[in-house]
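*Asks:* coordinates only, sequence not included:
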Ligand SMILES: Nc1ncnc2c1ncn2[C@@H]1O[C@H](COP(=O)(O)OP(=O)(O)OP(=O)(O)O)[C@@H](O)[C@H]1O
């Protein structure tokens, strides 16, 4: 059903003009249904990050249409797109971008603070709840530099859930982790999919990670090879 489509890419193409005109995305089209856990795989340079940048509304210089939650986002103002990002998308990156001058708890609260509508206490409570999902409640008052790589990524995932996002987008969220921590983080994504029916779109190099998702979108040279 139409209302179950969270994200739709329609014929998205992208060119870079420097040093010369190069097409890096070629009419990419697909849909993501509510509750789906989808991975995007492909060799280095095939256009995964470029695509994610467009899908997450951060790059607006493309051809084609981007539709999120039934709304055509192509052509919308930067302010509107920022609002959409704050309200609907949770981000998890390869590098976690946690701030060492703040506690773990404060780091998780940061995206909520941007929304500016929740009081600090309610926000703290919510951040604590999110950290509890990942068994990080005993580390809340530490700073990120006192945590292991896997723990940092768990905090980053907790942070990405603060706006109760419609969609989580990740760029190589396990790319910087050893096997053990990468498994821990992957299991967190699996749990989010199974228990919370969280819709997720994750770019990965890791075939094992991709094999554990509901659907793999395989890219080659700016195109979808199969999905
Ligand atoms: N700002 C830019 N200007 C010119 N070319 C770019 C720019 N950014 C990326 N590219 C080129 O676009 C292509 C796709 O890059 P992209 O980063 O999307 O690939 P990727 O699949 O994410 O690779 P990786 O797995 O290594 O991160 C590459 O050939 C890259 O060199």
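*Replies:* Looks like it came in fine. Here the structure is a predicted model, which means the values were calculated and not measured. Residues are numbered from 1 along each chain as shown.

*Asks:* helix, strand or coil for residue 110?
*Replies:* helix (DSSP: H, G, I helix; E, B strand; the rest coil).

*Asks:* tell me, how many residues neighbour it?
*Replies:* 16 (other Cβ atoms under 10 Å). Using the backbone N, CA and C atoms, a C-beta is placed for each residue, glycine as well.

*Asks:* could I get the contacting residues of it?
*Replies:* Contacts for residue 110 (Cβ atoms under 8 Å, 6 or more residues apart in numbering) come out as 99, 102, 159.

*Asks:* of those residues, which is the most crowded?
*Replies:* residue 159 (25 neighbours).

*Asks:* low-confidence ranges, the chain, go.
*Replies:* 1-3, 111-118 (pLDDT under 70).

*Asks:* for it, which segments count as helices?
*Replies:* Assigned by DSSP state H, the helices in the chain fall at 48-55, 78-88, 104-115, 120-133, 149-160, 179-196, 207-211.

*Asks:* point out the most buried one among those helices.
*Replies:* helix 149-160 (a mean of 23; mean count of other Cβ atoms under 10 Å).

*Asks:* please state the offset of it from the chain centre?
*Replies:* Centre-to-centre, helix 149-160 and its host chain are 12 Å apart (Cα atoms, centre = their mean, to the nearest Å).

*Asks:* I figured residue 105 hits residue 126, correct?
*Replies:* No - between residue 105 and residue 126 there is no contact under Cβ atoms under 8 Å: 10.6 Å.

*Asks:* show me which residues of the chain sit near the ligand.
*Replies:* 16, 18, 24, 42, 44, 45, 46, 47, 48, 49, 50 (Cβ under 6 Å from any ligand atom).

*Asks:* top of these by neighbour count?
*Replies:* residue 47 leads the residues of the chain next to the ligand on contacts (other Cβ under 10 Å) with 25 neighbours.

*Asks:* grab the most central residue of the chain for me.
*Replies:* The structure's the chain has its C-alpha centroid closest to residue 169; by Cα atoms, centre = their mean the separation is 1.6 Å.

*Asks:* ok now do that one, which residues does it touch?
*Replies:* 52, 55, 56, 89, 90, 91, 92, 200, 201, 202.

*Asks:* for the contacts of residue 110, which one is nearest the ligand?
*Replies:* residue 159 (22.4 Å; Cβ to the nearest ligand atom).

*Asks:* leaving out chain neighbours, which residue sits closest to the closest one?
*Replies:* residue 108 (4.6 Å; Cβ to Cβ, 6 or more residues apart in numbering).

*Asks:* check the burial of residue 135 by counting its neighbours.
*Replies:* For residue 135, using other Cβ under 10 Å, the count is 11.

*Asks:* tell me how far residue 129 lies from the ligand.
*Replies:* The spacing between residue 129 and the ligand, counted by Cβ to the nearest ligand atom, to the nearest Å, is 33 Å.

*Asks:* tell me the one of the residues of the chain next to the ligand nearest residue 189?
*Replies:* Using Cβ to Cβ, residue 48 is the member of those that sits closest to residue 189, with 16.8 Å.

*Asks:* so what's the closest one up against?
*Replies:* Here residue 48 is in contact with 40, 41, 42, 171, 203, 219 (Cβ under 8 Å, 6+ apart).
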